[in-house]
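1. With the sequence up front, the predicted model follows.
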Amino acid sequence: SLPHSGQGSLYLIGINKFRDINDSVGHHNGDKLLIHIAERLKQQLQDEATLARIGGDEFAVFMPNTNSDSDISLVERRLHQLLAAPFVLDGETVVIKVSIGVVRTQPDQTMSLWLRNASIALSYAKQDSRTSVCHYSPEMASASKFRTQMIAKIQTGIDNREFVPFYQPIIDLASGNICGAEALARWHSDSGMVSPLDFIPIAEESGMIKTIGQQILFQACSDTRKAIDSRRWPEDFQLHVNVSVHQLSSPNFVESVAKVLRTTGLPATNVTLEITESRIIDSAPTTLDNLLKLREMGLGIAIDDFGTGYSSLAYLHALPFTCLKIDRTFINRLTKENLDSSVVSAIINITKGMKTNVVAEGVETAAQAQLLSSLGCNQVQGFYYSRPMPMEEWPTHLVNMK
């Protein structure tokens, strides 16, 4: 246990993606790496600090007399530099990246409270890839409490099937007809509607997005089958459903999609799965295998938020996509003057040679629709046409949107 001595600072160091390191070098070497890290910290800091290993891949460094801003940032830099140099395990070089949660210690508090607060700060530090350091502040504890409560509420929401799809029409620019819709997850909790901004990030972080995504996919396919049968939607209607990387990288995902299609009786060709571009890059190898299998089954694959992530053309060729969705940020910037040099124009030109659909998201004005039409964009969606709505509010006649 660490000693108590008033004004000081506590640094909780966590190794980023330690599980991935373990998988690539083996658990035996993973353990060796932890020993090397401990030795390096000990060698450099033993005389001035108290050191401890706190659980799996986390180390605590307590500096009893370091409390000023400049001293603390000096220690942060030292810790980063200390652990940036490569480690050698069985002749193999391993480079690690760390995140640090920092707490200014007060005399009237206990070490267990300091450690708890440092742990909260560390989880924030891990989310901020730029600085990878975070100083604890009391608001974080309430945010952390909010997160814990939200996770419990999401679980209840899943059990009670409170997550439902709302549908935003996708319009064919040439004819002005509705040719599809994007199903968006909405949450009718017992205390009213919860904003996706509040629950999606937490659901993704905690992995609960898998179950929510599955429920939305099932409900949306079932709704689409009924809408086609009752002639509200045309035979070739394209249902777009968002899929998280959590779902896509899981080994049984393809089978779970096949099961939804069998149960609801909706043909695979009516469904396009949307994946966020920036997330695919870091995802597991199973992701690409799954994408290829889904394409073989006849499903469409849309790359969402296109242009905001990596957009490497080489990697585009490796992905079996059928549709690119241009992010709203590029649509906002469209003007008559910059039309030909715009990102939108570039994307549409790149895709001319490919058998692919282009959908512009976030269209809010007639002028934007006009500019997109002149560039040869196929399809559009956005508030100019309609907000996302529950199935029962969908317009019964297919409005001509021209």
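-> Perfect, I can see it now.
2. Wasn't residue 372 part of a helix?
-> Yes - counting by DSSP: H, G, I helix; E, B strand; the rest coil, residue 372 is part of a helix.
3. Name the nearest residue to it, ignoring sequence neighbours.
-> Sequence neighbours aside, residue 360 is the residue nearest to residue 372 in space, at 5.1 Å (criterion: C-beta to C-beta, 6 or more residues apart in numbering). C-betas here are computed from N, CA, C, even on glycine.
4. Would you mind listing the outside residues contacting stretch 116-136?
-> With C-beta atoms under 8 Å, 6 or more residues apart in numbering as the test, stretch 116-136 has contacts from 10-14, 16, 58, 60, 76, 80, 97-104, 140-141, 144.
5. try it again with 7 Å
-> The contact list for stretch 116-136 (C-beta atoms under 7 Å, 6 or more residues apart in numbering) reads 10, 12, 14, 16, 76, 99-103, 140-141, 144.
6. got those as CSV, with neighbour count, pLDDT and secondary structure columns?
-> Output for the contacts of stretch 116-136, formatted as CSV (neighbours: other C-beta atoms under 10 Å; pLDDT from 0 to 100; DSSP: H, G, I helix; E, B strand; the rest coil):
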residue, neighbour count, pLDDT, secondary structure
10, 25, 94, strand
12, 28, 95, strand
14, 22, 92, strand
16, 15, 87, coil
76, 18, 92, helix
99, 24, 93, strand
100, 25, 94, strand
101, 27, 94, strand
102, 23, 95, strand
103, 25, 93, strand
140, 17, 84, helix
141, 14, 79, helix
144, 17, 78, helix
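7. Taking these together, which two end up most distant?
-> Greatest spatial distance among those (C-beta to C-beta): 16 and 141, at 23.1 Å.
8. Now render the contacts of stretch 116-136 as JSON lines, adding distance to residue 26.
-> Listed next are those as JSON lines, based on distance: C-beta to C-beta, whole Å:
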{"residue": "10", "distance to residue 26": "32"}
{"residue": "12", "distance to residue 26": "26"}
{"residue": "14", "distance to residue 26": "21"}
{"residue": "16", "distance to residue 26": "19"}
{"residue": "76", "distance to residue 26": "31"}
{"residue": "99", "distance to residue 26": "24"}
{"residue": "100", "distance to residue 26": "27"}
{"residue": "101", "distance to residue 26": "28"}
{"residue": "102", "distance to residue 26": "32"}
{"residue": "103", "distance to residue 26": "34"}
{"residue": "140", "distance to residue 26": "36"}
{"residue": "141", "distance to residue 26": "38"}
{"residue": "144", "distance to residue 26": "34"}
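9. between the residues you listed, which is nearest residue 274?
-> Of all the contacts of stretch 116-136, residue 274 sits closest to residue 16, with 28.1 Å by C-beta to C-beta.
10. so after the lowest-mean-pLDDT helix or strand in the chain, what's the next helix or strand?
-> In the chain, the helix or strand scored least confidently by mean pLDDT, DSSP states H and E is helix 277-281, which has a mean of 66. Using DSSP states H and E, the helix or strand that follows helix 277-281 in sequence is helix 286-297.
11. and the next helix or strand after that next one, which strands flank it?
-> Beyond helix 286-297 in the direction of the C-terminus, DSSP H and E gives the next helix or strand as strand 300-306. Note on strand 300-306: by DSSP bridges, its sheet partners are strand 271-276 (parallel), strand 323-326 (parallel).
12. what stretches of this protein score poorly on pLDDT?
-> 1-6, 128-130, 277-284, 307-315, 396-402 (pLDDT under 70).
13. For the residue of it positioned farthest from its centre, what are phi and psi?
-> Distance from the C-alpha centroid of the chain peaks at residue 47, with 42.5 Å (C-alpha atoms, centre = their mean). Main-chain torsions, residue 47, degrees, to the nearest 10: phi -70, psi -30.
14. how near is it to residue 64?
-> Distance of residue 47 to residue 64, given as C-beta to C-beta, to the nearest Å: 12 Å.
15. same thing with residue 53?
-> Relative to residue 64, residue 53 is positioned 19 Å away (C-beta to C-beta).
16. Between those two, which is the more surrounded one?
-> Neighbour tally, residue 53 and residue 64, criterion other C-beta atoms under 10 Å: the higher count belongs to residue 64, 18 against 15.
17. from memory that one sits against residue 7, does it?
-> No - using C-beta atoms under 7 Å, residue 64 is not in contact with residue 7, being 8.1 Å away.
18. now the helices: where do they sit in the stretch 101-250 of the chain?
-> Here the stretch 101-250 of the chain has its helices, by DSSP state H, counting those that start in this stretch, at 111-127, 138-159, 196-206, 209-229, 245-248.
19. re the thing from before, which of the strands paired with strand 300-306 sits most buried?
-> Across the strands paired with strand 300-306, the average number of neighbours (mean count of other C-beta atoms under 10 Å) peaks for strand 323-326, which reaches a mean of 25.
20. immediately after that strand, which helix or strand?
-> As assigned by DSSP H and E, the chain's next helix or strand after strand 323-326 is helix 328-332.
21. can you list contacts of the helix or strand that that following helix is followed by?
-> As assigned by DSSP H and E, the chain's next helix or strand after helix 328-332 is helix 343-351. Residues from elsewhere that reach helix 343-351, judged by C-beta under 7 Å, 6+ apart: 306-307, 324, 326, 330-331, 334, 339, 358, 360, 375-377.
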